[in-house]
Each structure stands twice: as C-alpha cells, then as structure tokens.
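1. Kindly return the folded structure for what I paste below:
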Amino acid sequence: MRTSAPIHDFGNRKVFAQPTRARPVAMPRANIASSAMSHWRRSLCANILNPQVSALFRRLPIAAKPRTSRHPARWPGSIRFLSHTRLSTLHALFWALLLSCQSARAESDTPPSLMLGTLTVTGETLNEETIEVFRGIPFAAPPVGPLRWMPPQPLSGTPQQLTATRFAPACYQGEHITNWYQGVVQDFGGDPSVVKPPQVSEDCLYLNLWRPKGEKAPLPIVVFIHGGSNRGGFSYEPNYLGHRLAAQGVIVITIAYRVGAFGFFSHPALADSNFGLLDQIQALRFIKQHSQALGGDPNRITIMGESAGANSINFLIASPLAQGLFQRAIHQSGGSAVDRETDPAPARKLGTRLTQQLTGLSGQAALAAAKQLPPNEVLAAAESVYAGFYFDPVEDGTSIVMPPRQSLDTGAVAPIDLLIGTNRDEWLMYLDPEQKLDDWLAERLTETQRSAVLPLLPQFPSATRALDVLITAQVFVCPSLRLAAHQSGIKKSVYVYEFNKIRPGKMAASMGAYHGAELPYVFDTHDDWLPTDETDRALTILMQHYWANFIKTGNPNSSAAVPWPLYQTSSERVLRLDATSDVGQPASAAICRALAAH
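-> Residues are numbered from 1 along each chain as shown. Down below sits the predicted model:
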C-alpha cells in the first residue's frame, strides 16, 4: 500500500478499472457502417495495388472477340472465357479502381496539416489511417528566461513550419508522478521499472490533438487537464493518449501547464501569480481562436480534468478570465478545491523564502536573481521550502477574485452543463496502516459532526473501510455533490457518477476503486501490467459512449446504455459504474448529509 499522503496531497495519477455492464453495448449504426466501409475499401485497395494482381489484369486483352472454338480460351488466373463486352467492362472497372486506389494512397501518404495563423503544423495518421494526431503544438511563447514567473505570452507572429510528430518535454518537475505510477504498478504486483520519467523542460507549453480523419462537419472538442497535485504530471501520460476516445467522433486535446514552484509561485514583488492556471486559460483561448482550423466547433468545447485537473475546473468556472471559453465540464475526482482557501499570504511568504534561500538577497533583487538560475537549482530548493505545502491558485484580483466556495455561494460561476463524479475508494491506497479511526475523527471533525457520523459507522466491515469512506467523502464526494447541487439549482444539466469497479486478481482488493482508477476506462488505455478482463472491456465501451455523448450534446445517454438520470438534490440518484452498472445513491451520501447538517 502507498504510504499516507497529506490530506489534500493526492498523488494524482492513475491506474484503473473499468465499469462494465451485463448486456453488450451497441455502437451507433453510423459508426459501424462507416468503420465497415473503411475496412472494406482498405482491403479492396490492398488487393488492387498488389503487384501480382495488377500484372494479371494487365495481361488481359482489351478487345478480345468471342471464341467459337469448342475449346474455351484459358487466360492466366483460371479465367476460362470472357466475352468481348465482359472483358471491356472488367478492364474499365479495374482501371477505375486502380486510379481511385492510387489516388487514395497518394492522399494517405500526405500527412495531415493545420494552418494556425502563421503556424503550419504537420502531423501523422494512426489506427489504420482513421485518426490524425498532432503532438507538441505550441500555444504560448516559451516561459523561459525573463518570462519565468510571468503570465503566458502569445506566440510570435513569425511564420513557422512545425513537424508535430513527437511529444514536447513535460513541464519542469521532480519525480512525483513517476513515483506515483511506479507505486501503483508495484501494488498490482508488476515491475515498477516499466514506468520511465519524462524528459522535462521549462519550455513546455504545448498541446496534443487527436481527431477522426476526413470529417467535414465541425466536431465537438474536449480539452483534458492532467492531474498531479499541481506538483507534477504531463499531458501525454499513458492514461491520457486520446486516439481511442477520438474514434468516438470527437477532437481530443491534452494540454500542458507549469507546475510546482514554476507554475504556482507567489512573491510580494510580483504583480501576477497562478501561472499554471493562466497557462490553462491561454491554451483554451488558443483552442477557441483556432477551433475551426482544428476541425472543431467553437460552441461545443468541453473541459475535462481529473484530480488536480478537476480542481482546476473549480477555479476555471469561477475565473473572470475563462468565461466564454467552454460550454461544458467533466469533473473527475477533484472536489476538494471547492473548500480551498485562496489567501495569497502563505504562498507569498514561501516565495520570499525561496528566493532568499536561492540568492542570499531580498525583495526585488532576490526575485530578479532567482529568475536567472538554472531550473534544477530552483526545483531542488523548492522541494525543501514547499515541503508539505499544496500548490493551488490564490486570489490575485484578476484570474481568481474569491475562494471557490464563495463563488458558489454568490453564484459567480459559469452556467455550464456538468458531468461529475468520484471513485469509491479514493483514499484507500494512501491510508497509513497505523492510522486510528478514533484519532482521525477527533482531529478532522467537530464534536457535533462526530456525533452525527458515529451512528453511520457500524455498517462498514472494518475501521479501514470506514476511514476510506470518511476521507473519500470529506475530500472528494461531499464537495463534488455541492458543486453538482449548485449547477443543478441554476437549471443546468448535471450528471453524477460513482466509479466502483475493482480490477480482477489477488492484488486488486487492497486497491479498491482507487484514485485515478477510472481513467483507463475513459481513454481506453489499459496498461499491460494492469489486470483486465471482459468486464473491464465492456465498461470501457460503456463509459466512452457516455463521455463522448456528453461532449457532443451535453447529455451522456443513448438508447444502448443504462439510463443516467439528471442529478437532483431531492433524490441524490447517481450512476454507479461497475461490472453491472445501476442507479442509486453514492456509498457516502449519508455521511455527506451528516457533515453538512453540522
């Protein structure tokens, strides 16, 4: 098991389980027909362009006359007799097919490209040439040198040509995410060495895009914001590769943003802060501005985030700078930001300490000198200065003007449709084996809250299970339900899920439906080391349809799936995703009611 983490420091990365259903999920007929037709055409052209087949047809006479001999003519390939008319028709058909297939091959050999203002981007095709991918598209100027600890700046207008076939380096960070992934692999009995750390750089503000090939109508866009406790993470973690989700008929974009002391640094001598959040806003502006060139619909942009990425959604829907940049949100396991404090004083105090420790100077001189230091020195010092500190946006008067809870209470949030949920065992992997239930209750709850919660605990089979449910409720479920209730209260469409799927195998029970477990189902990215069976595959199909439908229309439902009801506070009915999915109340609903009432 993972060692205990600070109560808000969720090592935000994933390994995952898929919910599944008892009955198979049908793909939309149009998708089946299109897929079958594409496969048929590829098979036909592969045969037509085969040199041996081409040679056979070229040897057929173009103007053969009908034979009157008692002995039929024999042509290569066992063609015994063909009339003049049939030969002519066959030739015409062959040459038409040959030209069509040669043209298609020439077109497929031409890599896809984008014109984004003065930036020309060339990508490549995947999945038997059905998905186009562009890796490492810059959306802002590199935040290096004098632009360190500055808001992101637009790209220069200088014409550029970019071959976007490789991912850009991750934003500068330590080994937080690598350690998280390796720990999860080990918990499942795998070899942690399969997880390698990414290359890192301060020059990191790039996005990646996957889209279906050949679509003419503008497609809905989903922009994924990675997690990592705002300390780490990157846009192309194996869980976030978007080609399979894009096959559902949407454009999938994953974005980078500065993290840790590079992205959430505050200092009294700085007019700005929240650089990581501002990076996200800049990416959304870039996507909105170029949505038509990307093949997307500017009026159907969904932001999606998990863990710290979902916490970013809490800030984005309240930020004056992000208004109008998206219409929907998918919020996965990130409720705690609803209750975060945004007072900038603690962050500025630590920023002052960091620059003084790095330079031996104070004030503006320390800040200017620290900007010139190599990033590895900044990171090394930050690891000690910010030990135990959770990086988060703070009030700066422009991007964040009040705490998220106050934004909800005053209605100062974007009126968007919402798909939101949590996993059943968000905190199980982080529980300290020495943690005592009574100690936690005394430390984390008021006396009245304890009195309300204690009668609910006997239903749980062990103190460990009770602790898991309590912390999962307090940190994730209850804040998420408050956000859901607010959006539902302003008559927006809200759909709430609880992810309950546990992987097969001996090791899975100790993990439960852990933090990040849903991600491989959403993206269909089940790693080889992750135990996966037919129920996981079925749940992946189901969840991808729900998520894609919401991205397209704001409603996840289709005729082939378990009906997902709109969330209402009166019933608290949510979709419980599992091997057999159903509708009911989340496991911690009663605990959330008890905590809220006291």
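
2. Walk me through the domains of this structure.
-> 49-109, 132-339+396-434+492-559+572-589 (automatic domain parsing).

3. Save those domains as TSV, and put in mean pLDDT too.
-> Shown next, in TSV, are the domains of the chain (pLDDT from 0 to 100):
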stretch	mean pLDDT
domain 49-109	56
domain 132-339+396-434+492-559+572-589	96
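
4. closest to Glu443 out of these?
-> Glu443 lies closest to domain 132-339+396-434+492-559+572-589 among those, at 12.6 Å (C-beta to C-beta). In short, each C-beta sits where N, CA and C put it, glycine included.

5. coming back round to it: which one of the domains of the chain lies nearest to Gly388?
-> domain 132-339+396-434+492-559+572-589 (11.7 Å).

6. how long is that closest one end to end?
-> End-to-end distance for domain 132-339+396-434+492-559+572-589, by C-alpha to C-alpha, to the nearest Å: 43 Å.

7. picking up where we left off before, highest mean neighbour count across the domains of the chain, which stretch is it?
-> Comparing these by mean neighbour count (mean count of other C-beta atoms under 10 Å), domain 132-339+396-434+492-559+572-589 ranks first with a mean of 21.

8. what distance separates it from the middle of the whole chain?
-> Centroid displacement of domain 132-339+396-434+492-559+572-589 relative to its chain, using C-alpha atoms, centre = their mean, to the nearest Å, is 4 Å.

9. for the domains of the chain, which one sits closest to Gly117?
-> With C-beta to C-beta as the yardstick, what comes closest out of those is domain 132-339+396-434+492-559+572-589 (7.1 Å).

10. mind listing the strands in the stretch 451-598 of the chain by residue range?
-> 494-499, 574-577, 582-584 (DSSP state E, counting those that start in this stretch).

11. Which residue is the nearest non-sequential neighbour of Leu431?
-> Leaving aside its chain neighbours, Leu431 sits nearest to Leu467 (6.0 Å; criterion: C-beta to C-beta, 6 or more residues apart in numbering).

12. And that neighbour, how close does it get to Leu277?
-> For Leu467, the distance to Leu277 equals 32 Å [C-beta to C-beta, to the nearest Å].

13. In terms of helices and strands, where is the nearest residue to Gly123 once chain neighbours are set aside?
-> Nearest residue to Gly123 in three dimensions, chain neighbours excluded: Phe134, at 3.7 Å (C-beta to C-beta, 6+ apart). Phe134 belongs to strand 131-138 when assigned by DSSP states H and E.

14. If you count contacts, what does that strand end up packed against?
-> Where contact means 3 or more C-beta pairs under 8 Å, 6 or more residues apart in numbering; DSSP states H and E, strand 131-138 is packed against strand 113-116, strand 119-122, strand 124-126, strand 160-163, strand 206-212, helix 243-246.

15. make it 7 Å
-> strand 124-126, strand 206-212, helix 243-246 (3 or more C-beta pairs under 7 Å, 6 or more residues apart in numbering; DSSP states H and E).

16. And the contacts of it?
-> By C-beta atoms under 7 Å, 6 or more residues apart in numbering, the residues outside strand 131-138 that reach it are 112, 114, 121, 123-126, 155, 164-168, 205-213, 243, 246-247.

17. State the number of residues packed around Arg340.
-> 19 (other C-beta atoms under 10 Å).

18. Would you mind confirming that it makes contact with Met402?
-> No - contact between Arg340 and Met402 fails when scored by C-beta atoms under 7 Å: they sit 11.5 Å apart.

19. Backbone dihedrals for the closest residue to Thr398 other than its chain neighbours, please?
-> The shortest distance from Thr398 to any residue other than its chain neighbours is 6.6 Å, reached at Leu321 (C-beta to C-beta, 6+ apart). As for Leu321, its main-chain torsions (degrees, to the nearest 10) stand at phi -80, psi -20.

20. Same question for Thr254.
-> Dihedral pair for Thr254: phi -110, psi 140, per degrees, to the nearest 10.

21. Thought Tyr240 was touching it, still the case?
-> Yes - using C-beta under 7 Å, Thr254 is in contact with Tyr240, at 5.1 Å.

22. Which residues are in contact with each of the two?
-> With C-beta under 7 Å, 6+ apart as the test, Thr254 and Tyr240 both reach 224, 226.

23. Now do the helices in the stretch 401-550 of the chain.
-> According to DSSP state H, counting those that start in this stretch, the stretch 401-550 of the chain carries its helices in the segments 404-410, 437-444, 447-453, 463-472, 478-489, 519-523, 534-553.

24. The second one versus helix 463-472: what angle between them?
-> Using axes from the mean of the first three to the mean of the last three C-alpha atoms, to 10 degrees, one finds that helix 437-444 and helix 463-472 are set 20 degrees apart in direction.

25. gap between helix 437-444 and the chain center?
-> On C-alpha atoms, centre = their mean, the centre of helix 437-444 falls 35 Å from the chain's centre.

26. Please renumber the chain so that the first residue is 766 from this point on.
-> Got it, the first residue is 766 from now on, which makes the last one we talked about helix 1202-1209.

27. Reformat the strands of the stretch 1216-1363 of the chain as TSV; add distance to Phe999.
-> Compiled in TSV, those are given as follows (distance: least, C-beta to C-beta, whole Å):
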stretch	distance to Phe999
strand 1259-1264	23
strand 1339-1342	26
strand 1347-1349	36
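
28. residues in contact with stretch 1227-1236?
-> Counting by C-beta under 7 Å, 6+ apart, 1190, 1192-1193, 1196, 1200, 1202, 1205, 1222, 1225, 1352-1353, 1356 sit against stretch 1227-1236.

29. go on, stretch 1337-1356?
-> Against stretch 1337-1356 from outside (C-beta under 7 Å, 6+ apart): 784-787, 1189, 1218, 1221, 1234-1235, 1237-1238, 1242, 1261-1266, 1300, 1304, 1307-1308, 1327, 1329-1330, 1332.

30. Could you work out the end-to-end span of it for me?
-> With C-alpha to C-alpha, one end of stretch 1337-1356 sits 13 Å from the other.

31. How about stretch 890-910?
-> Stretch 890-910: ends 35 Å apart by C-alpha to C-alpha.

32. one step back: which pair in the contacts of stretch 1227-1236 has the greatest spatial separation?
-> By the measure C-beta to C-beta, Gln1200 and Ala1352 form the most distant pair in the contacts of stretch 1227-1236, at 19.6 Å.

33. that older thread, dump the helices of the stretch 1166-1315 of the chain to a markdown table, plus distance to Ser1072.
-> Output for those, formatted as a markdown table (distance: least, C-beta to C-beta, whole Å):
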| stretch | distance to Ser1072 |
| --- | --- |
| helix 1169-1175 | 16 |
| helix 1202-1209 | 20 |
| helix 1212-1218 | 25 |
| helix 1228-1237 | 13 |
| helix 1243-1254 | 12 |
| helix 1284-1288 | 9 |
| helix 1299-1318 | 17 |
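
34. Distance from the chain centre to the strand holding Phe899, please.
-> 15 Å.

35. what's the angle from it to strand 971-977?
-> Using the same axes, to 10 degrees: strand 896-903 against strand 971-977 is 160 degrees.

36. Adjacent strands (with direction) for the longest strand along the chain?
-> If you go by DSSP state E, the chain has its longest strand at strand 1061-1071. Next to strand 1061-1071 in the sheet, as set by DSSP bridges, lie strand 984-990 (parallel), strand 1093-1097 (parallel).
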